[in-house]
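J.: coordinates only, no sequence provided:
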């Protein structure tokens, strides 16, 4: 039986956080918005479930949100009115060295300074200087980061704030390897590894150009806003976004995967879902899928410039991920008790260990000593598991070439547990249950995590700014009129902050505005110059 076609102002493909952010902004502008989601519930990679044992709430993918807490995009939505509450561990982050020493970031600046001073007394003042530099540019830098590229007005404000000399030095920082920056700014391993460890939240090694800005930014955010988590689970962030959208008049329809975006006269006009149902879009289609999925699977290639399709062959995914969740009968018994206060733990490499880990990944070899990012969720939010227990997880990157089956995943999970056990004797004896997600499992959870890549494309400098997702305008606008790329493949990239979704919504509003015809003409001319 054929379904009558529905017509709305905008269709948003995907109800992950970027899709929900975009839908909220459009609904606030009075648009009739429908979000189509393939999964049973909204959220995408921002989701919580009882993966391990009853009463243990596990964040299926993303968990800690320093960029989310600092994001002007999310702050502007007033999500606290829809149930979002940020919770904090006693300390945001600890980096554990192989010998059990740890450098700890506290939201109390003096405590962080004392921690890095144990490695080198001079680093206390050096850390304070970095944080003072951050606070001087914080507002202007965040505005520039979350604006469409190039962020002309925001960048001008940042430039005026910094002045010519410091602007040049900041531009240098943006291009640097994190190892070089860390060794320039600090003399002790503790502070150096806090920068380098934070860069591991991307797929960049300590010697990779462009890794410094990620390590520095996340370290400063940890000092500033911490590494907060939503009370009750990451999924509460998605629920708050969905509830806000409903209150604004928008709708989310789950279990309706979009299989085709239809065009006519060079513009996006409708989408079809897997059941064949058609939804017409009067004003815009916003897609939160990765760029290769949008251009290769959802669109007819004849509507795209051949050079764009050729450039997509050079699109680089970030490294795949293996993640293990645990239900623990008690908190992790760290040999160094400071580590037990941290919500996020980096485990357990020095700078050489980080370099070795990334070298193995770069040559397609499973690292002998995997570097772990570990979350102590009940430490950060007591609602995550029964009193006296801990809901915890760890993930590490693996080479894209490696093939996995259930046995090899179980064996690899045992190796990850052995890393924790070395620093927390008795840890494995407290495991009540565990859940293992390999790269294919993560893709099954969220179809945007292609091959287990959690950032929708590498964070390397050759795929950032106007190179993201391919050389072009670094804007949400695509070569198809009224079609906008709203996911993490677009600038400013991965993590949970809403930037790509907000940029796409703003572009859609601009296109539909009184000056929209002129706006589109400019975009078409720029695209013609890039893709001819």
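T.: Yep, it's here. Since the model is a prediction, treat every value here as computed from it, not as a measurement. Residues are numbered from 1 along each chain as shown.

J.: what's the spacing between residue 26 and residue 302?
T.: 29 Å (CB to CB, to the nearest Å). C-beta here means a position set from N, CA and C on the backbone, and glycine is covered the same way.

J.: so which of these two has more stuff around it?
T.: Remark: of residue 26 and residue 302, residue 26 carries more neighbours, 27 against 7, as counted by other CB atoms under 10 Å.

J.: the more buried one touches residue 509, doesn't it?
T.: Yes: between residue 26 and residue 509 there is a contact at 7.1 Å, judged by CB atoms under 8 Å.

J.: per-residue confidence for the nearest residue to residue 468 once chain neighbours are set aside?
T.: Nearest residue to residue 468 in three dimensions, chain neighbours excluded: residue 491, at 5.0 Å (CB to CB, 6 or more residues apart in numbering). Per-residue pLDDT puts residue 491 at 91.

J.: equivalent analysis for residue 226, please.
T.: The model reports residue 226 with a pLDDT of 97.

J.: over to residue 348?
T.: 89.

J.: sec struct for the residue nearest to residue 468, please.
T.: Reduced to three states with DSSP: H, G, I helix; E, B strand; the rest coil, the structure at residue 491 is coil.

J.: so what's it up against?
T.: With CB atoms under 8 Å, 6 or more residues apart in numbering as the criterion, the residues that contact residue 491 are 148-149, 464-465, 468, 474-475, 499-500, 503.

J.: any figure for the gap between it and residue 465?
T.: For residue 491, the distance to residue 465 (CB to CB) stands at 6 Å.

J.: overlap in contacts, those two.
T.: With CB under 8 Å, 6+ apart as the test, residue 491 and residue 465 both reach 149, 474.

J.: so who does residue 4 touch?
T.: Contacts of residue 4 (CB under 8 Å, 6+ apart): none.

J.: does residue 237 sit in a helix or strand, and which one?
T.: If you go by DSSP states H and E, residue 237 is part of helix 235-247.

J.: and that helix, which residues are buried?
T.: 235-245 (16 or more other CB atoms under 10 Å).

J.: tell me which other helices or strands that helix touches.
T.: Counting contacts by 3 or more CB pairs under 8 Å, 6 or more residues apart in numbering; DSSP states H and E, helix 235-247 is packed against helix 17-28, strand 48-49, strand 229-230, strand 251-253.

J.: could you redo the last one with a cut-off of 6 Å?
T.: Secondary-structure packing of helix 235-247 (3 or more CB pairs under 6 Å, 6 or more residues apart in numbering; DSSP states H and E): helix 17-28.

J.: state the mean pLDDT of the following helix or strand past the helix it packs on.
T.: Following helix 17-28 in sequence order, the next helix or strand is strand 33-36 (DSSP H and E). Strand 33-36 shows a mean pLDDT of 98 in the predicted model.

J.: so what strands line up beside strand 33-36?
T.: Here strand 33-36 has these sheet partners by DSSP bridges: strand 6-13 (parallel), strand 251-253 (parallel).

J.: just tell me which of those ends up closest to residue 59.
T.: Closest of the strands paired with strand 33-36 to residue 59 is strand 251-253, at 20.3 Å (criterion: CB to CB).

J.: give me the residues contacting the next helix-or-strand element following that closest one.
T.: Downstream of strand 251-253, the first helix or strand assigned by DSSP H and E is strand 258-264. Defining contact as CB atoms under 6 Å, 6 or more residues apart in numbering, one finds that strand 258-264 is touched by 13, 36, 268-274, 285, 298-299, 303, 480.

J.: same thing with stretch 106-122?
T.: Applying CB under 6 Å, 6+ apart, the contact partners of stretch 106-122 are 91, 103-105, 123-124, 127, 187-191, 226.

J.: stretch 6-25 now?
T.: If you take CB under 6 Å, 6+ apart as the criterion, stretch 6-25 is touched by 26, 31-37, 42, 44, 46, 77, 241, 244-245, 250, 252, 258, 271, 279-288, 486-487, 496, 498, 500-502, 504-505.
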